[in-house]
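Colleague: Predicted model, plus sequence, below.
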Amino acid sequence: MSVSLANPSSILIVDDLEENLVAFEAVLGPLHQNLVRARSGEQALKAMLRQEFAVVLLDVRMPGMDGFETAANIKRLDQTKDVPIILVTGTEAGADYAYRGYAIGAADFIAKPVDPWVLRTKVNVFLDLHRKNRQLAMRSTGEDADRLTEITERLAQIEQLLRTRPETDTAVLLDRITEVERAVGALLPGRTGTA
């Protein structure tokens with residue numbers, strides 16, 4: 001599984017302890033992605049509203065807004081609800097931690113002390129998914145742009161027909177309008193493009 005170095009993604013690391021942030025940066029550094037720190041749940045939410053993240057590593061036990069509350073707030077926002085969250089727990093975490101985490105939308109858990117290989121592997125999976133989603137979005141946007149250009153051209157042809165030949169046969173005009181409706185329908189979610 002490889003992650004593109006040409007277009008790095010961002011990873012948000014949330015922990016109130018400096019030594020944990022440094023350790024996560026050391027482990028994730030070889031992935032060559034943008035690593036962004038947050039020392040609290042509040043800082044994490046602000047960071048998430050400023051930029052896009054491929055994945056969030058979120059410590060569960062923090063003063064103030066803990067990891068569960070932070071994750072719940074992330075999942076409530078339309079802009080951030082789809083960002084995968086890996087909750088980082090201490091070894092004392094019980095089954096209730098897992099239940100609570102998955103109930104609020106966490107994608108995965110990892111326990112401290114963190115195994116560097118396991119952490120890189122888990123994060124790499126989410127980075128790869130993020131990269132593929134970006135590629136699909138770019139491809140889709142390109143196709144949509146081509147369809148919009150086609151629709152614009154067809155509308156211009158209809159307008160030209162009406163200007164130059166006002167006596168145009170209604171059947172011809174209806175056929176052209178139907179073509180435009182199909183093209184517009186293909187752009188709308190859940191439509192097949194048929195009129």
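Modeller: Perfect, thanks for sending it. A quick note: this is a predicted structure, and the numbers were derived from the prediction, not measured.

Colleague: Tell me which helix or strand in the chain has the weakest average pLDDT.
Modeller: helix 170-187 (a mean of 69; mean pLDDT, DSSP states H and E).

Colleague: Need the three-state assignment for residue 56.
Modeller: strand (DSSP: H, G, I helix; E, B strand; the rest coil).

Colleague: Surely it and residue 44 touch.
Modeller: Yes: under the criterion of C-beta atoms under 8 Å, residue 56 makes contact with residue 44 at 7.1 Å. Heads up, the C-betas are built off the backbone N, CA and C, glycines and all.

Colleague: Name the residues contacting each of those two.
Modeller: Common contact partners of residue 56 and residue 44 (C-beta atoms under 8 Å, 6 or more residues apart in numbering): 12, 14, 74.

Colleague: State the number of residues packed around the first one.
Modeller: Spelled out, it's residue 12. Residue 12: 24 surrounding residues under other C-beta atoms under 10 Å.

Colleague: what about the helix or strand where it lies, distance to the chain center?
Modeller: Secondary structure assignment for residue 12, by DSSP states H and E: strand 10-14. Offset of strand 10-14 from its chain centre (C-alpha atoms, centre = their mean, to the nearest Å): 14 Å.
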